[in-house]
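Novice: Any chance you could fold what I've pasted below:
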Amino acid sequence: MPYLYYFDSTTILVLIGLAITLLASGQVRSAYRKYSRIRSTSPMTGAMAAQKILLDAGITDVKVQQVAGELTDHYNPRTKTVGLSAANYQTNSIAAISVAAHECGHAIQHAKAYAPISFRSTLAPVAQIGSTIAGPLVLMGLFFNNQSSVLFLNLGIIAFSFAVLFQIVTLPVEFDASKRALHILSDSHILPLEEMSGARKMLTAAALTYVAAVASSLLQLLRIILLSRKRR
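Specialist: Model (predicted):
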């Protein structure tokens, strides 16, 4: 957001949010590197594990495919595809199988019409627009020095609030997907008991990145509110 380049006493909130985000990102990358080097005793690759989980859940219309990049794994409800990065698609590391199970957890949520994921899908277009226009609105509010500045800042607050709400709704979606993944990996014996602790640490570290994103966005929203009050 361009207004981040505006410096005043509230800039400390942005710096705190940045530190939280970098810390969480570092933890998940560290956990991923560690458990991507540890091969599971299970012969299943991430792709094979994903296909088994989907079939066991009675889901036959979701495809598992390889995507480019690292940590680009995702579930796309529009195309009904589970996308796994090359390392997670092709190998049988604890990280690969854990990530694959997590993304399948989203597919299961979608198939069962899990309320938070449905609400998130509905909110997504509004949140995207809000995230896009919030920055310019706040920047205009800081540029002008009259009553219009407060109006632009307030509109920026409203717009950015939708983006923050989307991130908050994402939290239960991600935590539930990880919870489902751990239960499936354990109950179906895809991972043996002694490897489950690694899967749990891996998915917990990944979930913390979403918590960090919410914290960072809330701090940014607080900053905009404080800037608006200063303008008044």
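
Novice: In this structure Ser121 contacts Pro77, no?
Specialist: Yes. Assessed by Cβ atoms under 8 Å, Ser121 is found in contact with Pro77 at 6.5 Å. C-betas here are computed from N, CA, C, even on glycine.

Novice: any common contacting residues for the two?
Specialist: Here Ser121 and Pro77 share no contacting residue, scored by Cβ atoms under 8 Å, 6 or more residues apart in numbering.

Novice: Determine the set of other helices and strands touching the longest helix anywhere in the chain.
Specialist: Ranked by residue count, the top helix of the chain under DSSP state H comes out as helix 147-187. Under the contact criterion of 3 or more Cβ pairs under 8 Å, 6 or more residues apart in numbering; DSSP states H and E, helix 147-187 touches helix 94-111, helix 115-143, helix 193-231.

Novice: Let me see the mean pLDDT of it.
Specialist: Mean per-residue pLDDT for helix 147-187: 93.

Novice: Next: stretch 27-37.
Specialist: 94.

Novice: In it, which residues are buried?
Specialist: Residues of stretch 27-37 classed as buried under the neighbour-count rule (16 or more other Cβ atoms under 10 Å) are Gln27, Val28, Ala31, Tyr32, Lys34, Tyr35, Ser36.

Novice: which ones among these are found in strands?
Specialist: Of the positions in the buried residues of stretch 27-37, not one sits in strands, assigned by DSSP state E.

Novice: Closest one to Ser42 out of the residues you listed, please.
Specialist: Nearest to Ser42, judged by Cβ to Cβ, of the buried residues of stretch 27-37 is Tyr35 at 13.4 Å.

Novice: Many thanks, I have nothing further to ask.
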